[in-house]
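Peer 1: Take this sequence and fold it.
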Amino acid sequence: MSAVFAAIVKAFGQLGDRAVTAVLAKSIVITLLLFAMVGAGVYFGLAGAASRYGVAESWAGLATAVLVPIAMWLLFRIVALAVLQFFADGIVVAVEVRHYPALAARARPLPLRREAVVAIRGAMRALGANLLALPVAALLVFTAIGPAAVFLAVNAVLLGRELTDMAWLRHADGADSANPVSRPERVLLGAVIAGMMLVPFVNIIAPVIGAAAGTHLVLRRLDARGGKP
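Peer 2: Purely as a prediction, here's the structure:
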């Protein structure tokens with residue numbers, strides 16, 4: 001398990017790399033633009049409904065101000081991770097080149113179409129699992145930490161898989177090759193990153209830290225095998 005925390009420390013140490021900051025900046029801008037578009041859509045939709053039923057439009061603004069932050073809290077990790085997956089190669093390559101140059105030479109970059117498919121599938125899995133967890137979280141809403149614990153558990157499993165697959169797919173030898181990172185390590189990584197995503201401002205860098213740490217975990221295993229998948 002110490003390998004997970006070592007990978008996270010190394011990931012933080014690489015935040016200053018130009019390639020990493022470029023991916024971080026693009027991911028943040030696109031994620032915030034998506035939520036801004038959602039917010040505008042919600043406002044104009046509510047404003048149209050308000051005028052149709054003779055309700056003051058100020059209520060549309062108030063409802064938007066309440067609903068959009070809730071949506072961001074619930075969906076930020078899903079949207080941010082889906083966006084990051086389109087640029088994941090930048091993070092993976094930065095880690096490979098700096099820490100695992102021999103493995104970097106053997107990697108096979110994913111075509112854009114494959115990246116899009118992986119990102120969409122990951123987002124659908126995350127959205128579906130979180131929606132299924134929502135009723136359970138609602139039952140625990142009156143407890144101190146019940147809902148947060150439910151979403152943390154669900155996303156620990158999901159994120160651990162997605163964050164290590166970003167690197168593994170560049171090195172996997174065929175579709176049947178198993179991810180070399182053990183399930184406990186993946187879950188622990190996912191839990192740490194999911195926890196970071198619950199913290200304001202820290203949640204902005206959490207997906208990038210997770211992608212870099214997941215890359216370290218994968219390549220550390222491959223390096224120990226002599227580069228063999």
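
Peer 1: for G195, helix, strand, or coil?
Peer 2: Under DSSP: H, G, I helix; E, B strand; the rest coil, G195 falls in the helix class.

Peer 1: Wait, it touches L152, no?
Peer 2: Yes. With contact defined as C-beta atoms under 8 Å, G195 counts as touching L152 (6.3 Å). Every C-beta, even on glycine, is put in place using the N, C-alpha and C of the backbone.

Peer 1: can you give me the helices in the protein?
Peer 2: 2-13, 18-52, 58-86, 88-99, 101-104, 112-139, 146-168, 183-196, 202-224 (DSSP state H).

Peer 1: Dump those into TSV; add mean pLDDT and mean neighbour count as well.
Peer 2: As requested, the helices of the chain are exported to TSV (pLDDT from 0 to 100; neighbours: other C-beta atoms under 10 Å):
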stretch	mean pLDDT	mean neighbour count
helix 2-13	92	16
helix 18-52	86	15
helix 58-86	78	18
helix 88-99	87	22
helix 101-104	82	14
helix 112-139	78	14
helix 146-168	83	22
helix 183-196	90	20
helix 202-224	89	24
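
Peer 1: Can you name the residues that contact the closest residue to V208 other than its chain neighbours?
Peer 2: Spatial nearest neighbour of V208, excluding adjacent residues (C-beta to C-beta, 6 or more residues apart in numbering): L24 at 4.9 Å. Listed by C-beta atoms under 8 Å, 6 or more residues apart in numbering, the contact set of L24 reads 15, 204-205, 208.

Peer 1: For L132, see how far away L24 is.
Peer 2: 30 Å (C-beta to C-beta, to the nearest Å).

Peer 1: Tell me, how many residues neighbour G54?
Peer 2: 6 (other C-beta atoms under 10 Å).

Peer 1: centroid residue for this protein?
Peer 2: L81 (2.7 Å; C-alpha atoms, centre = their mean).

Peer 1: returning to what we had before: how about the contacts of L24, which pair is most distant?
Peer 2: The two members of those with the most space between them (C-beta to C-beta) are L15 and I204, at 11.5 Å.

Peer 1: wait, isn't the residue nearest to the centre of the chain in contact with A126?
Peer 2: Yes. Using C-beta under 8 Å, L81 is in contact with A126, at 6.8 Å.

Peer 1: what touches both of these two?
Peer 2: Common contacts of L81 and A126 (C-beta under 8 Å, 6+ apart): E162.

Peer 1: Quick check: the closest residue to L198 other than its chain neighbours vs E185, distance?
Peer 2: Nearest residue to L198 in three dimensions, chain neighbours excluded: A148, at 6.5 Å (C-beta to C-beta, 6+ apart). For A148, the distance to E185 equals 23 Å [C-beta to C-beta].

Peer 1: what does A156 give?
Peer 2: A156 is 11 Å from E185, by C-beta to C-beta.
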